[in-house]
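*Asks:* Predicted model, plus sequence, below.
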Amino acid sequence: MHGPELLLLLVGALLVTAAAKRLNFSAPLVLVGVGLAVSFIPGLPEFALEPELILVLVLPPLLYSAALDSSYHNIRANLRPIGLLAVGLVLVTTTAVGLVAHLVLPGLSLPAALVLGAVVAPPDAVAAVAVGRRLNLPRRTMTLLTGESLINDATALTAYKVAVAAAAGAAATWVDGTRTFVISAGGGVLVGLVIGWGVRRIRDRLDDGVMESALGMLVPFGAYIFAEELHASGVLAVVVAGLYIGHNAPRSSYYTRLQDTAVWRSVDVLLESFVFALIGLQLNSVVRDVDITAGLVWAAAAVLAATILVRFAWMYPAAYLPRLLSRRVREREPAPGWRGVTVLSWAGMRGVVSLAAASALPLDLPGREVIVFCAFVVTVGTLLLQGLSLPFVIRKLGFHGDEERTDALAEAQVQHAAAQAAVRKLDEMIGDDGTSDDVVDRLRIMAEHRGNAAWERLGRQEDESPAASYRRLRRTMLEAERQVFVQARDDGRIDDEVLFRVLRELDLEEAAISRE
């Protein structure tokens, strides 16, 4: 893909995304549909999917941004079910889909069929999370979807490497694959922790918001490339680094947090628009490279059905059997309702990683064209079939989150303590420093108002610049409030989502009073 074609694709994808958002449609699904339609236009440049571009330049920043916004506490609390999805389900899907593909495509050897299974094994939660946020899915469901998508690529890519080696005739066994996965996963986690810790220490000493954000932009690429050079999992390195830095972001400066939020949201929109448009645009090249027959179409449909059904076959036993067999699971985890299990089962859309992995197959691999075609059918089929119907399924089941009231109560309780801490800090700061009583009264009233009305969003008018003493004292009070909320998050009294919302309020207020 050359420069003009890439620029055309990016601009077109952003325009389609903007239109979809204005019409309140799911942008990823609209982009895939438009890409499929545009691919039929004669004379249009070929938008080839380049695996290196996706796996090195697109996947790491998307994973890193998602990890930054994820809750370490929520993921840790749900690590067992996330592991069942991100590791267990991926391996089961690889095996089950591989066996089905081998049965319905007699010309495809079993190792090559397992390659196909590994290619379509990892779901991409971008479209599902977008729908879930719009329809207010429960927080635990969103955590499971996000946690699965952060880790499952590492499992699938390891299984993919082992299956490709076997299909190419190399002596690779699943014992070797298991050893490779354990070493790769452990190395990826270690690399991610080292890079996350190092970057956080450097950013703490920079005291320059622009430089801190610039350094943060290098983290996903550095973590991925460094880990891969060490034969560790670049995906896990990026995710762990993102979780570590995101978890410690409340202790950085307000300016860095606000800037990072704006930068990474822009990156997300750009890259997600690019990859979903690119998926649809692959239709021409996929169709051109394979001899399509009725038998192949039916076989691809069978692979698509197997990919969808194996998730259902896994989800229900994985949700309920551990509770039946383990008292500890019953005591520590809430009981999964059948509605939630059904929604999670239906939210298994595939994404660009599957197409990138298929496109990266060696050109001389037996059955390569058939694997690429089936991977395209599964990716587009799950996105359109499941993605378009997921909102209907959620509404029909009446499956919605009820955390809003609980969050409001928890926030109000902690906000009262934060306001008291701010007032105590104000009392410590004021004295014979020339601060007028009017400034002190205003600061005290503001703190009391925040403590008594945590559900209201506090705003500031832009009519005049505040006095220097007002800015100095108010900054000190804001920092005291932040410390109380961070401590409450660390103690488990409020959720990360509450902390991030309140921090943004405090950061915006500090940005307003700090403007020159």
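*Replies:* All right, it came through fine.
*Asks:* pLDDT score assigned to residue 418?
*Replies:* pLDDT recorded at residue 418 is 84.
*Asks:* Can you tell me which helix or strand of this protein has the lowest average pLDDT?
*Replies:* helix 437-452 (a mean of 72; mean pLDDT, DSSP states H and E).
*Asks:* Can you give the distance of the helix or strand hosting residue 261 from its chain's centre?
*Replies:* Counting by DSSP states H and E, the element that carries residue 261 is helix 254-281. Here the centre of helix 254-281 is set off from its chain's centre by 11 Å, with C-alpha atoms, centre = their mean, to the nearest Å.
*Asks:* Which SSE is immediately downstream of that helix?
*Replies:* helix 283-288.
*Asks:* Give me the buried positions along that next one.
*Replies:* Neighbour-count burial for helix 283-288 flags 283, 284, 285, 286 (criterion: 16 or more other C-beta atoms under 10 Å). Heads up, the C-betas are built off the backbone N, CA and C, glycines and all.
*Asks:* Also stretch 408-416?
*Replies:* 410, 411, 414, 415, 416.
*Asks:* Identify the bridge partners of residue 350.
*Replies:* residue 123 (DSSP bridges).
*Asks:* pLDDT score for it?
*Replies:* pLDDT at residue 350 comes out at 92.
*Asks:* Numbering from 857 from now on, please.
*Replies:* Yep, numbering from 857; the last one is residue 1206 now.
*Asks:* Next one: it from residue 1035, what distance?
*Replies:* Going from residue 1206 to residue 1035 by C-beta to C-beta, to the nearest Å gives 28 Å.
*Asks:* Over to residue 1163?
*Replies:* From residue 1163 to residue 1035 the distance is 27 Å (C-beta to C-beta).
*Asks:* on that earlier part again, tell me the one among the buried residues of stretch 1264-1272 nearest to residue 1121.
*Replies:* Ranked by distance to residue 1121 (C-beta to C-beta), the buried residues of stretch 1264-1272 are led by residue 1267 at 23.1 Å.
*Asks:* Does the closest one touch residue 1353 like I think?
*Replies:* No. Counting by C-beta atoms under 8 Å, residue 1267 sits too far from residue 1353 to count as a contact (10.1 Å).
*Asks:* how many neighbours does residue 1180 have?
*Replies:* For residue 1180, the count of nearby residues is 10 (other C-beta atoms under 10 Å).
*Asks:* Which helix or strand contains it?
*Replies:* Judged by DSSP H and E, residue 1180 forms part of helix 1150-1181.
*Asks:* gap between that helix and the chain center?
*Replies:* Distance, centroid of helix 1150-1181 to centroid of chain: 23 Å (C-alpha atoms, centre = their mean).
*Asks:* Mind listing what's buried along it?
*Replies:* Buried, per 16+ other C-beta under 10 Å, within helix 1150-1181: 1152, 1155-1156, 1158-1160, 1162-1164, 1166-1167, 1170-1171, 1174-1175, 1178.
*Asks:* In the stretch 857-1006 of the chain, where is pLDDT below threshold?
*Replies:* Scanning the stretch 857-1006 of the chain for pLDDT under 70 picks out 857.
*Asks:* Please enumerate the helices of it.
*Replies:* 859-878, 883-894, 907-908, 915-925, 928-933, 935-939, 946-960, 966-975, 982-990, 995-1023 (DSSP state H, counting those that start in this stretch).
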